[in-house]
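Chemist: Requesting a structural model of the entry that follows:
(chains A and B)
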Amino acid sequence: DGGITQSPKYLFRKEGQNVTLSCEQNLNHDAMYWYRQDPGQGLRLIYYSQIVNDFQKGDIAEGYSVSREKKESFPLTVTSAQKNPTAFYLCASSMDIRNNQPQHFGDGTRLSIL
Amino acid sequence: AQKVTQAQTEISVVEKEDVTLDCVYETRDTTYYLFWYKQPPSGELVFLIRRNSFDEQNEISGRYSWNFQKSTSSFNFTITASQVVDSAVYFCALSGSTDSWGKLQFGAGTQVVVTP
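Modeler: You can find the predicted model right below:
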């Protein structure tokens, strides 16, 4: 089945540690996105990528980094500079950005601080 | 700047009642798109509908219907004859043109609780 796979489902981070969240899609979509969701709030855009080897900062990029070396993969690293990383992280993809096609979402990764 | 307001934090209904979720948006773009997503307890977001700013026709899909009114910048969502499976958080979202292509601005969401 085509879709978006996020792993792991749950992740714990120690102080001063970088952690990487995986996002893989087999929908052949050009665009991919990372969002953060805090309790009782909507989703906020962290980073997005329109095409391989290209990505842009979203509204809350500080403390995060991404890479887009393959079309199917868009991993997100939560660095030690992100002082409040506890949140639900959702990855999404769409056919492209400019036509405002619907975004399809993965099941999310729940990150907590130990 | 773009903004989406979902003023209702939580709505509780008994099964078979209708429920309407409000969404009010702000944008300076003349071309923009509005979306509704459903987030069940499992966490993933499920796409429900996309509407562009030039299409003000209301839409019905089964028990779901949407009312787009440009004059009041609203894009409301109604679930008719609600069922327990409709219990979820529903998000309204907006994406515009120029530098905001494809970048979704989400509202805070409305939690719908349907009890038997």
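Chemist: Contacts for the helix or strand bottoming out on mean pLDDT in chain B, please.
Modeler: None of the helices or strands of chain B scores lower by mean pLDDT, DSSP states H and E than strand B:59-61, at a mean of 89. Contacting residues not belonging to strand B:59-61 are listed as B:49, B:51, B:65-66 [Cβ atoms under 8 Å, 6 or more residues apart in numbering or on different chains]. Quick note: C-beta positions are derived from backbone N, CA and C, even for glycine.
Chemist: Residue numbers of chain B in contact with chain A?
Modeler: B:4, B:6, B:9, B:33, B:35, B:37, B:42-47, B:50, B:52, B:91, B:93, B:95, B:101-104, B:106-109 (Cβ under 8 Å from any Cβ of the partner chain).
Chemist: Just the ones of these in helices?
Modeler: Residues of the residues of chain B next to chain A located in helices (DSSP state H): none.
Chemist: Mark which of those residues are buried, thanks.
Modeler: With burial judged by 16 or more other Cβ atoms under 10 Å in any protein chain shown, the buried subset of the residues of chain B next to chain A is B:4, B:6, B:33, B:35, B:37, B:43-45, B:47, B:50, B:91, B:93, B:95, B:101-104, B:106-109.
Chemist: who in chain A is up against chain B?
Modeler: Proximity of chain A to chain B (Cβ under 8 Å from any Cβ) is limited to residues A:31, A:33, A:40-45, A:48, A:50, A:58, A:88, A:90, A:92, A:94, A:96-108, A:110.
Chemist: what do you get if the cut-off is 7 Å, keeping everything else the same?
Modeler: Counting by Cβ under 7 Å from any Cβ of the partner chain, chain A comes close to chain B at A:31, A:41-43, A:45, A:48, A:58, A:88, A:90, A:94, A:97-98, A:100, A:102-108.
Chemist: Quick check: chain neighbours aside, which residue is closest to A:Phe12?
Modeler: Spatially, and ignoring its direct neighbours in sequence, A:Phe12 is nearest to A:Leu114 (4.9 Å; Cβ to Cβ, 6 or more residues apart in numbering or on different chains).
Chemist: in chain B, which spans are strands?
Modeler: For chain B, the strands defined by DSSP state E cover B:3-5, B:10-14, B:19-21, B:24-26, B:33-39, B:46-52, B:59-61, B:64-69, B:74-79, B:88-95, B:105-106, B:110-115.
Chemist: Please flag which of the residues of chain A next to chain B sit within strands.
Modeler: A:31, A:43, A:45, A:48, A:88, A:90, A:94, A:104-105.
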